[in-house]
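Enquirer: For reference, the sequence and a predicted model appear below.
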Amino acid sequence: MKAEELRGKTADQLNDQLLDLRKESFNLRFQRASGQLENTARVRQVRRDIARIKTVLHKMQAGGKA
């Protein structure tokens, strides 16, 4: 997921996507702990996507206050 795609979305859409990614992260942690995780790179990918969304949301909030 690219940051450009995220900037085109509303804050509500970003919050929904953030919630989905956090749930996926939770599930991936359990799969890793039980030895059922097949795609280990997905953990890193999800973590970075969460960070991107949080960054874009923070910039939106900072831009609104300025």
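Expert: It's in.
Enquirer: got the phi/psi numbers for the closest residue in space to Q31 that isn't next to it in sequence?
Expert: In this structure, Q31 finds its nearest non-sequential neighbour in L37, 4.1 Å apart by CB to CB, 6 or more residues apart in numbering. Heads up, the C-betas are built off the backbone N, CA and C, glycines and all. Here is the backbone geometry of L37 (degrees, to the nearest 10): phi -80, psi 120.
Enquirer: can you list the weak-confidence ranges in the protein?
Expert: Applying pLDDT under 70 to the chain flags the ranges 65-66.
Enquirer: roughly how far apart are the residue nearest the centre of it and E24?
Expert: Nearest residue to the geometric centre of the chain (CA atoms, centre = their mean): I50, 2.3 Å. To E24, I50 is 9 Å away according to CB to CB, to the nearest Å.
Enquirer: what do you get for N15?
Expert: 15 Å.
Enquirer: between those two, who's got more neighbours?
Expert: E24 (16 against 13; other CB atoms under 10 Å).
Enquirer: Now do the strands in the protein.
Expert: With DSSP state E, there are no strands along the chain.
Enquirer: which stretches of it form helices?
Expert: With DSSP state H as the criterion, the chain has helices at 3-7, 11-34, 41-65.
Enquirer: re earlier: residue contacts, the closest residue to the residue nearest to the centre of the chain other than its chain neighbours?
Expert: Distance criterion CB to CB, 6+ apart; nearest residue to I50, sequence neighbours excluded, is L21 at 5.1 Å. The neighbours of L21, taking CB atoms under 8 Å, 6 or more residues apart in numbering as the test, are 46, 49-50, 53.
Enquirer: before we move on, what about E24?
Expert: With CB under 8 Å, 6+ apart, E24 has these contacts: V46.
Enquirer: burial count for the residue nearest to Q31?
Expert: 15.
Enquirer: try K2
Expert: By other CB under 10 Å, neighbour count at K2 equals 7.
Enquirer: From A33, how far out is it?
Expert: For K2 relative to A33 (CB to CB), the value is 31 Å.
Enquirer: circling back: isn't the residue nearest to the centre of the chain right up against D20?
Expert: No: the criterion here is CB atoms under 8 Å, and I50 misses it with D20 at 10.1 Å.
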